[in-house]
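Visitor: Show me the folded form of this:
(one chain, ligands or ions: 1)
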Amino acid sequence: MTPMKTLVGLAAGAALTMSAWAADPVKIGLILPMSGPFAAYGKQIEHGIKLYIAQHGDTYGGRKVEFVLKDDNPGTSGDIDKRLAQELVVKDKVDLLAGFGLTPSAFAVAPLATEARKPMIVMNAATSAITTKSPYIVRTSMTLPQNTAPIASWAAKNGIKTVFTLVADYGPGHDSEAQFKKTFTAAGGQIVGEVRAPVKNPDFAPYLQKIKDTKPDAVFIFLPPGAETIAFMKGFKERGLAQAGIRLISTGDLPDEDILDAIGDSALGLITSFHYSEAHKSPENQAYVAAYYKAYPKDRPNFMSVGGYDGMHLIAAVLNKTGGSTDADKFVDAAKGIKWTSPRGPIGIDPETRDIVQNIYIRKTERVDGKLQNVEFDQVDNFKDPGKQ
Ligand code: PHB
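Guide: Numbers count the residues shown, from 1 in each chain. Below is the predicted model:
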C-alpha cells in the first residue's frame, strides 16, 4: 500500500467509525429506589427526567439518549448499588451513570465510575463528600451543609439561643448536625443536646421526651423525607412540644411537597431553608409546575423532581457542547462552570468541586389557596457548599 492509499484508507475507516458512533444512542444507566420505603425518590427523579425529555426532545449533540433503569430498593444498601452499577457498565454498556437517591448508593458507585471512566450525575444524594469520591461525579441536587448553614444563621438572628439537634444517623444527618453546630455556635448560639436516630424504623418517643425535658428554644432536625418524617411530626404534635414553647426548624427536606399533605397542619409556621419550593416565584418555575401537574396530576413537584430535571438538563447541555462525546474527561470538563436557569432559580456547577452552586431560600410553611406551601421570604444568593471549605 502506498502512503497515499494508507491515508485514504484510514480516513475512510475513521469516517465510517465516526458515523457509526454518531448514530449510536447515549445509554444512561439510572440507579434509583423505585420500590420500598424510598420509592417516592425514584418516582420524583424519573418524573423530572421524563418531563425534561418531553419538553426538549431526546437528541443532544447529535445522539439520542436511552435509559436503562435499575431499582436499588431500599437505596441504603451500597452492596446492591455496586452490583447494579457493575451490571450497567459491563452488560448494558452504558455511557453515563445517573440518579442516586440516597447517599449510600452514591458512595458505593463512585469507585466504579472512576475505574470504568463513566461520568456519574448525582441527582439527589446530598452528603457533601460525595463529589470528592470520584473526579467524574457532577451533582445537580444540593448538599446538606449548603442547606443547613442558612437556617442556622436565621435561627441565631431570630431570637433562638439554644438548640437541640436530631438527625438521621448517616452521611447527610452527620453533615447537617456538624454544619448547624458550626454556624449556630459561631453566631453565639448554644447546642444543648444532640441525638442521631437510626435511618430505618426509629422510635422517636424517647428522643421527643428528652427534648421536652431539656427545653431548648428550638429543635433542628434532618430526616430523609418519608414515613419516618411523618411519624416524627405526629409525635412532636402529640407530645405537646410546640405548646411547651419549643420551636421546630429544619432544612426543607422536612416539609417536602411529596409528603407535606400527609404531614398536614402541624407543618404550619415551620421555618426551613432549601433550594427548591413549589411556590418559588419565577416564570421558569410557574411553567415547570404547570407542566408537572399536567403530566403527573396525582403528585406534587418537589426538589427531587427538579434534581432529575436539572440533571437531564446538565446531560443535554454537556452533550451539545461535546458534540455527543461521553468521554469522562471531556464530559466533566464541559460540565465545569456551566450555568443555567432552573425552576429553582439561577444555578451552576462549581468548576473546582463539580458541585452545585445555587440560591438557598428561607421559607415558612403556610396555606396558600387552601394548599400547604413553603413560601420563600429571604435568600442567600449563589451559595457554594460550605462543607468543602
Ligand atoms: C441522602 O441520602 O443523601 C438524602 C436523602 C434524602 C434527602 C437528602 C439527602 O432529602
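
Visitor: List the buried residues of stretch 56-74.
Guide: Thr59, Tyr60, Gly61, Arg63, Val65, Phe67, Val68, Lys70, Asp71, Asp72, Asn73, Pro74 (16 or more other Cβ atoms under 10 Å). To be clear about C-beta, it is placed using only N, CA and C from the backbone, and glycine gets the same treatment.

Visitor: what does this structure have sitting close to the ligand?
Guide: Residues of the chain lying near the ligand by Cβ under 6 Å from any ligand atom: Leu102, Thr103, Ala125, Ala126, Thr127, Pro172, Pro224, Pro225, Asp253.

Visitor: Now go through the residues you listed and say which are in helices.
Guide: Among the residues of the chain next to the ligand, the members found in helices (DSSP state H) are Thr103, Pro172.

Visitor: how about TSV for the residues of the chain next to the ligand, with neighbour count and distance to Ala334 added?
Guide: Shown next, in TSV, are these (neighbours: other Cβ atoms under 10 Å; distance: Cβ to Cβ, whole Å):
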residue	neighbour count	distance to Ala334
Leu102	27	27
Thr103	29	26
Ala125	26	22
Ala126	31	23
Thr127	24	25
Pro172	28	28
Pro224	23	31
Pro225	24	32
Asp253	26	30
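
Visitor: JSON lines please, covering the residues of the chain next to the ligand and showing pLDDT.
Guide: Shown next, in JSON lines, are the residues of the chain next to the ligand (pLDDT from 0 to 100):
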{"residue": "Leu102", "pLDDT": "98"}
{"residue": "Thr103", "pLDDT": "98"}
{"residue": "Ala125", "pLDDT": "98"}
{"residue": "Ala126", "pLDDT": "98"}
{"residue": "Thr127", "pLDDT": "98"}
{"residue": "Pro172", "pLDDT": "98"}
{"residue": "Pro224", "pLDDT": "97"}
{"residue": "Pro225", "pLDDT": "97"}
{"residue": "Asp253", "pLDDT": "98"}
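
Visitor: pLDDT at Asn201, what is it?
Guide: pLDDT for Asn201: 84.

Visitor: Hmm, Leu144 is touching Pro172, no?
Guide: Yes - the pair Leu144 / Pro172 is scored as a contact, 4.5 Å apart, by Cβ atoms under 8 Å.

Visitor: overlap in contacts of those two?
Guide: Residues touching both Leu144 and Pro172 (Cβ atoms under 8 Å, 6 or more residues apart in numbering): Ala126, Thr127, Phe222.

Visitor: Quickly name whichever of the residues you listed is closest to Glu284.
Guide: Checking the shared contacts of Leu144 and Pro172 against Glu284 with Cβ to Cβ, the nearest one is Ala126 at 22.2 Å.

Visitor: wait, doesn't the closest one sit right on Thr140?
Guide: No - between Ala126 and Thr140 there is no contact under Cβ under 8 Å: 10.9 Å.

Visitor: mind listing the helices for this protein?
Guide: Ranges of helices in the chain, per DSSP H, are 3-23, 39-56, 78-90, 103-116, 144-157, 171-186, 205-214, 227-238, 257-263, 283-295, 303-322, 328-335.

Visitor: so what's Ala149 up against?
Guide: With Cβ under 8 Å, 6+ apart, Ala149 has these contacts: Gln179, Lys182, Thr183, Ile360, Phe383, Pro386.

Visitor: wait, what's in contact with the nearest residue to it once chain neighbours are set aside?
Guide: The spatial neighbour of Ala149 that comes closest, neighbours along the chain excluded (Cβ to Cβ, 6 or more residues apart in numbering), is Thr183 at 4.7 Å. With contacts taken as Cβ under 8 Å, 6+ apart, Thr183 has the following neighbours: Thr148, Ala149, Ala152, Ser153, Ala156, Pro386.

Visitor: Quick check: the nearest residue to the third one once chain neighbours are set aside vs Leu88, distance?
Guide: Among residues not flanking Ala152 along the chain, Thr183 sits closest, at 3.6 Å (Cβ to Cβ, 6+ apart). To Leu88, Thr183 is 39 Å away according to Cβ to Cβ, to the nearest Å.

Visitor: quick revisit: now do the residue nearest to Ala149, the pLDDT please.
Guide: 98.

Visitor: what's the distance between it and Tyr207?
Guide: Distance of Thr183 to Tyr207, given as Cβ to Cβ: 22 Å.

Visitor: residues contacting Glu366?
Guide: Glu366 touches Leu268, Gly269, Leu372, Gln373, Val375, counting by Cβ under 8 Å, 6+ apart.

Visitor: Give me the subset of these that lies in strands.
Guide: Leu372, Gln373, Val375 (DSSP state E).

Visitor: Start and end of stretch 213-231, how far apart?
Guide: End-to-end distance of stretch 213-231 (Cα to Cα, to the nearest Å): 20 Å.

Visitor: Done for today, thanks.
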